[in-house]
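Asker: coords please:
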Amino acid sequence: MKEFVIVPDIKAEIKFFWKIFLKDVAVLGLVIFATMLLSQLFPEEQSKQQHIFMALGFVLAIYLDLRPRTNPGKRNYEVIWMLLLNRQPKLFKSYGYYEFDRK
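Answerer: Numbers count the residues shown, from 1 in each chain. Model (predicted):
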């Protein structure tokens, strides 16, 4: 008889092995695929720059998938996405030099 695992949370991530999740594989695959597509735009004589671009794309893919120390519940790409989309410009007030009482 098969044993079914019941997850404690409805939003639990799908785990492949160790600490590798489906989201990790998807992000790595997406960034590396985009890097491979964009690397085809380099001309033949710029193969050295193309290899550097591909190496940097691989490093970027790993960085985007890491969890920051300050917010371990999110990944770096999620934090960047939240910073770009959830920006509230009216929330912060800019103070000028003369707005403070100087005694």
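Asker: who touches stretch 81-90?
Answerer: Residues outside stretch 81-90 that contact it (Cβ atoms under 8 Å, 6 or more residues apart in numbering): Lys74. In short, each C-beta sits where N, CA and C put it, glycine included.
Asker: going forward can the numbers begin at 36, since that is how I track them
Answerer: In the new count, where the first residue is 36, that last one comes out as stretch 116-125.
Asker: let me know the helix or strand that the residue nearest the centre of the chain is in.
Answerer: Nearest to the mean C-alpha position of the chain, by Cα atoms, centre = their mean, lies Tyr112 at 1.9 Å. Assigned by DSSP states H and E, Tyr112 falls within helix 111-120.
Asker: now swap in Ile67 and tell me
Answerer: Taking DSSP H and E as the definition, Ile67 sits inside helix 57-74.
Asker: what is the rounded mean pLDDT of that helix?
Answerer: Helix 57-74 comes out with an average pLDDT of 91.
Asker: now stretch 90-109
Answerer: Stretch 90-109 comes out at a mean pLDDT of 89.
Asker: thought Leu99 was touching Asn111?
Answerer: Yes: Leu99 lies in contact with Asn111 (Cβ atoms under 8 Å); the separation is 5.1 Å.
Asker: do me a favour and get the end-to-end distance for stretch 94-108?
Answerer: 21 Å (Cα to Cα, to the nearest Å).
Asker: buried residues in it?
Answerer: Within stretch 94-108, the residues that count as buried by 16 or more other Cβ atoms under 10 Å are Leu95, Ala96, Leu99, Asp100.
Asker: so which strand or helix has the second one?
Answerer: Ala96 is part of helix 82-100, with elements assigned from DSSP H and E.
Asker: tell me the helices and strands packed up against that helix.
Answerer: Packing contacts for helix 82-100, counted by 3 or more Cβ pairs under 8 Å, 6 or more residues apart in numbering; DSSP states H and E, involve helix 57-74, helix 111-120.
Asker: of all the ones you listed, which one comes closest to Gln85?
Answerer: Closest approach to Gln85 among the helices and strands packed on helix 82-100 (Cβ to Cβ): helix 57-74, 5.2 Å.
Asker: on that earlier part again, list the contacts of the nearest residue to the residue nearest to the centre of the chain once chain neighbours are set aside.
Answerer: Closest residue to Tyr112 apart from its sequence neighbours, by Cβ to Cβ, 6 or more residues apart in numbering: Leu99 at 4.1 Å. Contacts for Leu99 were tallied using Cβ under 8 Å, 6+ apart; they are Val62, Val66, Arg110, Asn111, Tyr112, Ile115.
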